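J.: Dropping the sequence and predicted coords here.
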Amino acid sequence: MKKIICLFTTLSVLLLTGCGSGTEMKDGFYTAEMSDYSHGWKEYVCIMVKDDNIVYTEFNAKDPSGYIKAWDNAYMENMNAEMNTYPNAYTRAYAAQLVDTQDPASVETVSGATHSGGNFLKLSAAVVEQAKKGDSSTFIVESEE
């Protein structure tokens, strides 16, 4: 009987402490990107994890030459005039929300950037899963287009 109680106690402690649960993120850098370009841009998310916390997030898009969308002033001016937001603003907003909440599901979409917001949610969920596995290879998220 003592062996059964001891076994039960040991299992309970392991379950309560989450030992081997795989839910903690491993320290390092993790990246996810969309599988295809959309309107000439491929979005990506990169996070840095330290002590099971996301301490840095970069969200942006690049063209085939590697040029970053947030650096495109003409794109910014056109989008801001129509949507009242632009890549350098909404990418930072999404990234800051992820660092603040530590939870991709808690990130709220920015008005005028809902398509990118949807991609951010997919990318950030994927990159968090990569961090839980400790897999630093770039994860490819299938585009819907």
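T.: Great, that's in hand.
J.: Against which helices or strands is the longest helix anywhere in the chain packed?
T.: Selection of the longest helix in the chain by residue count, based on DSSP state H, yields helix 114-133. Counting contacts by 3 or more C-beta pairs under 8 Å, 6 or more residues apart in numbering; DSSP states H and E, helix 114-133 is packed against strand 28-34, strand 42-50, strand 53-62, helix 87-101, strand 139-141. In short, each C-beta sits where N, CA and C put it, glycine included.
J.: Mind doing that once more with 6 Å?
T.: Applying 3 or more C-beta pairs under 6 Å, 6 or more residues apart in numbering; DSSP states H and E, one finds that helix 114-133 contacts strand 28-34, strand 42-50, strand 139-141.
J.: What is the neighbour count of the closest residue to Val107 other than its chain neighbours?
T.: The spatial neighbour of Val107 that comes closest, neighbours along the chain excluded (C-beta to C-beta, 6 or more residues apart in numbering), is Gln97 at 4.5 Å. Residues within reach of Gln97, counting by other C-beta atoms under 10 Å, total 21.
J.: Many thanks, we can stop here.
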